[in-house]
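In: Fold the following for me, if possible:
(2 chains)
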Protein chains: 2
Amino acid sequence: MSEIKVSINMLNTNEEIHAENKKLFDEDGIFVINLMSSPGAGKTSILERLISKLKQNLNVAVIEGDIYTTKDAVRIEAKGVPVVQINTEGPCYLEGGMVREASLNFDLRETELIIIENVGCLVSPAEFEIGEDIKICVLSVTEGNDKPLKYPLMFEKSAAIILNKIDLMQFTDFKVEEFYKDIMQINPKAKIFQTSCTQNCGIDELSEWILKEVKKKK
Amino acid sequence: MSEIKVSINMLNTNEEIHAENKKLFDEDGIFVINLMSSPGAGKTSILERLISKLKQNLNVAVIEGDIYTTKDAVRIEAKGVPVVQINTEGPCYLEGGMVREASLNFDLRETELIIIENVGCLVSPAEFEIGEDIKICVLSVTEGNDKPLKYPLMFEKSAAIILNKIDLMQFTDFKVEEFYKDIMQINPKAKIFQTSCTQNCGIDELSEWILKEVKKKK
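Out: From the prediction side, this is the model:
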């Protein structure tokens, strides 16, 4: 695992770096996912299970974004795929320049899918394009069904929305019909997946959908 | 309920505005709490229960910070205390100028405690002092015990840390000993409360501690 401590690139605008990153990834036909959520919604747990599936068919690499620690990268490395840890040491989002620097640690010609696990925050990560083809966001039922309307940008920009920890639904007052209704209002085209990592449910469907998206690009 | 849509004050530094707010609140002997957490950790649910207790002994007013919607302010207003909603329409944190503007909607001479519910984010709200006497942060067990080390600033700066949703502990892999050990490392002076809003547990202790803190200032 490589580890990168970043300084923010002030020379190019983030839009320019996003376009450069996209060009870099497109040249090698790499599909890139920007995975976002609040802290603790379950991004890393989903990734652990997803990678076990996806690596049967694809060469996957992972960029882990955190403010501090390499805890998540250590978990993903155990799944047997290349991982780079970015520590922002402050900002609660990744920027394009950080992703560029991290991606140069991979053998890009041999890589088909890069999943970037963004820093845990339901707000700022959605404001920065970092070279991705699609955004996916995760909401766990324990956070409450009011979050899409309170934090709309991330839900609006995501191609897929993962409703996680559905095994805990019965212990919460999460209103799933209201959640679907609110997503229909904010982002009617979004694909919605329901998952539980402890019950290992919904991961197959999510994995198959990602595989199809990756193949569309090829 | 009043509602404020804000533009960020660029004329004074946040430190200056924090000091001015503090002076304003100190003049009337008002104790001010900055309540912070990730989205969905349970700030508003804790506040609903806390206010029912605290208002028996104190004149409480609440400032609600959200990016969009007045959902939380509506919930707090139902508890029968003055509330002002701030909608940041972008930023995931409150600034001193926003708090100043909001607080002028209260009768400050009649107010003894202002609780400011910050925007849901485990990172940026801890970076801005907004006129508070103390910070309190909430972590729900469903977020995982790894969060204090991954997002240390908020835990480091808080006088009290509330571990919420403890009724769900049995359904998660939250390691409570590791949580206490990590807090001891980051912020050994922090007072830790365990709460469950659905089981109405831990709120009495928290309420009594806040009452004592308010009285210390008088």
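
In: Look up phi and psi at the residue most central in space within chain A.
Out: Centroid-nearest residue in chain A: A:Leu35, 0.9 Å away (criterion: CA atoms, centre = their mean). Main-chain torsions, A:Leu35, degrees, to the nearest 10: phi -100, psi 120.

In: Quick check: A:Glu89 is in a helix.
Out: No - under DSSP: H, G, I helix; E, B strand; the rest coil, A:Glu89 sits outside any helix and is assigned coil.

In: so how many other residues sit close to it?
Out: Residue neighbour count, defined by other CB atoms under 10 Å in any protein chain shown, stands at 11 for A:Glu89. Every C-beta, even on glycine, is put in place using the N, C-alpha and C of the backbone.

In: So for it, what pLDDT did the model give?
Out: Model confidence at A:Glu89, expressed as pLDDT, equals 90.

In: Could you report the distance from it to chain B?
Out: 11 Å (CB to the nearest CB, to the nearest Å).

In: measure that residue to B:Gln56 for me?
Out: 44 Å (CB to CB, to the nearest Å).

In: ok, for A:Gly120, nearest residue in space, not its chain neighbours?
Out: What sits nearest to A:Gly120 in space, not counting adjacent residues and going by CB to CB, 6 or more residues apart in numbering or on different chains, is A:Pro39, at 3.2 Å.

In: near chain B, which residues of chain A show up?
Out: Counting by CB under 8 Å from any CB of the partner chain, chain A comes close to chain B at A:38-40, A:66-69, A:71, A:91-92, A:119-124, A:140, A:142-144, A:146-147, A:149-152, A:165, A:167-168, A:171.

In: Now, of those residues, which are buried?
Out: If you count burial by 16 or more other CB atoms under 10 Å in any protein chain shown, the buried members of the residues of chain A next to chain B come out as A:38-40, A:66-67, A:69, A:91-92, A:119-124, A:140, A:142-144, A:146-147, A:149-152, A:165, A:168, A:171.

In: and those residues, which of them are in strands?
Out: A:Asp66, A:Ser140 (DSSP state E).

In: And A:Phe155, how close does it get to B:Lys53?
Out: If you go by CB to CB, the gap between A:Phe155 and B:Lys53 works out to 35 Å.

In: Would you mind telling me which of these two has the busier surroundings?
Out: A:Phe155 (24 against 17).

In: Sketch out the low-pLDDT regions of chain A for me.
Out: A:1-12 (pLDDT under 70).

In: what are the ranges of the strands in chain A?
Out: A:2-5, A:31-37, A:60-66, A:83-87, A:113-117, A:134-140, A:160-164, A:191-194.

In: So which bits of the third one are buried?
Out: The one in question is strand A:60-66. A:Val60, A:Ala61, A:Val62, A:Ile63, A:Glu64, A:Gly65, A:Asp66.

In: wait, A:Val62 sits on A:Ile114?
Out: Yes - between A:Val62 and A:Ile114 there is a contact at 7.3 Å, judged by CB atoms under 8 Å.

In: how about the nearest residue to A:Gln85, chain neighbours excluded?
Out: A:Ala73 (3.9 Å).
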